[in-house]
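This is the structure alone, sequence omitted:
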């Protein structure tokens, strides 16, 4: 059974940093590209970043570019999202997901497995 568990969220002040982790079990993550999305209640899930199988290629949303860094450690079955210079607009539930192998990285429908998410709240 595939399971994704996110951690590392919390409450930070504007300008602060957080590092999110996503641990994957039930599949060999080294065979899958992975992504991070975020969601605010009432809104659709928004692409944040994705990373290729080897970690050699990364993609970011415009809002994440320059502030967030996605990485992975396939020996630990983990994917990370380092977030810096956080703003109140970054407040959301952050979810990691497994890319199904086709489709645009930014498209939520291109991902087949999802975690429950970790809440990030940025105070002004």
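Looks like it came in fine. As the structure is a computational prediction, the values presented were derived from the model and not from experiment.

what are the ranges of the helices in this protein?
With helices called from DSSP state H, the chain shows none.

Tell me the bridge partners for the most centrally placed residue in the chain.
Nearest residue to the geometric centre of the chain (Cα atoms, centre = their mean): residue 36, 2.1 Å. With DSSP bridges as the criterion, residue 36 is bridged to residue 49, residue 96.

so residue 10 sits right up against residue 18, yeah?
Yes. Under the criterion of Cβ atoms under 8 Å, residue 10 makes contact with residue 18 at 6.4 Å. C-beta here means a position set from N, CA and C on the backbone, and glycine is covered the same way.

where do the contact lists of these two overlap?
Residues touching both residue 10 and residue 18 (Cβ atoms under 8 Å, 6 or more residues apart in numbering) are residue 120.

These two: which is more packed in?
The neighbour count for residue 10 versus residue 18, taken as other Cβ atoms under 10 Å, is higher for residue 18 (21 against 13).

who does the more buried one bridge with?
residue 83.

Would you enumerate the residues in contact with it?
8, 9, 10, 12, 83, 86, 120.

So what's the residue count around the nearest residue to the second one once chain neighbours are set aside?
Setting aside the residues directly before and after it, residue 9 is nearest to residue 118 in space (Cβ to Cβ, 6 or more residues apart in numbering), at 3.4 Å. The burial metric for residue 118, expressed as a neighbour count using other Cβ under 10 Å, is 20.

partners of residue 118 in the sheet?
residue 94.

shouldn't it be in contact with residue 11?
No. The criterion here is Cβ under 8 Å, and residue 118 misses it with residue 11 at 11.9 Å.

Determine the number of other residues adjacent to the nearest residue to residue 67 once chain neighbours are set aside.
Once flanking residues are discounted, residue 67 sits nearest to residue 85: 4.8 Å by Cβ to Cβ, 6+ apart. By other Cβ under 10 Å, 12 other residues sit near residue 85.

likewise residue 86?
When neighbours are defined as other Cβ under 10 Å, residue 86 has 21 of them.
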